[in-house]
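Q: generate a structure from the sequence data that follows.
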Amino acid sequence: MRFDRGEELISGIASYIEKEHFGAGSFTAIGATDEVTVSYYNMQKKAYEDTRFEQNLEIVNLTGNISYLDNTPIVHAHGSFAGPNLKVIGGHIKSLRVSATCEVAFFPLKGLIKRRRDEETGLNLMA
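A: Numbers count the residues shown, from 1 in each chain. All right, here's what the predicted structure looks like:
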């Protein structure tokens, strides 16, 4: 898949998965962003803590998987990003707007991966 300037990556991958009827898969991506929300999961609070970056960043690496919670595809992605100082930031990706292009290599898997709510962690874990 290729995403172009201005496209939202996470929702775009989810739309592609629904359109093509994939049950599970994994992906990697590289490219560039000018707006990304990176999250850290605080285990004590059982909540994500978001940090939004509105600057030009290289997508150094983005890795994720596709699973389902109920009948909804879940795009679970983590990424690392670098700006002009070449220092890397990273974490769980909530949203990402492409600034130039983003190239995604998608690898479909056989079967369906489901998630379920885990009360101990507060996360939707693979079942």
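
Q: what about the spatially closest residue to Gln55 that is not a sequence neighbour, how many residues nearby?
A: Leaving out its chain neighbours, the residue that sits closest to Gln55 by CB to CB, 6 or more residues apart in numbering is Gly83, at 6.1 Å. (Each C-beta comes from the backbone N, C-alpha and C, glycine too.) Residues lying near Gly83 (other CB atoms under 10 Å) number 13.

Q: ok, Gly83 - contacts?
A: Contacts for Gly83 (CB atoms under 8 Å, 6 or more residues apart in numbering) come out as 55-58.

Q: could you measure from it over to Ile74?
A: Separation of Gly83 from Ile74 (CB to CB, to the nearest Å): 29 Å.

Q: OK, contacts around the most centrally placed residue in the chain?
A: Nearest to the geometric centre of the chain sits Ala77, at 2.9 Å (CA atoms, centre = their mean). Ala77 is in contact with 10, 13, 27, 62-64, 92-93, counting by CB under 8 Å, 6+ apart.

Q: Pro73: helix or strand, and which one exactly?
A: strand 72-82 (DSSP states H and E).

Q: could you please name the strands that strand pairs with and the direction of each pair?
A: strand 57-69 (antiparallel), strand 88-108 (antiparallel) (DSSP bridges).

Q: most packed of those strands?
A: strand 57-69 (a mean of 19; mean count of other CB atoms under 10 Å).

Q: next one: it to chain centre, how far?
A: 4 Å (CA atoms, centre = their mean, to the nearest Å).

Q: same question, stretch 5-18
A: For stretch 5-18 - counting by CA atoms, centre = their mean - the centre lies 10 Å from the chain centre.

Q: okay, buried residues for that stretch please.
A: 9-10, 12-14, 16-17 (16 or more other CB atoms under 10 Å).

Q: try stretch 117-127
A: Neighbour count says stretch 117-127 has Asn124 buried, by 16+ other CB under 10 Å.

Q: what sits up against that stretch?
A: Outside stretch 117-127, the residues that touch it by CB under 8 Å, 6+ apart are 41, 43, 46-47, 67, 69, 74, 113-116.

Q: sort out for me which of those are in strands.
A: 41, 47, 67, 69, 74, 115-116 (DSSP state E).
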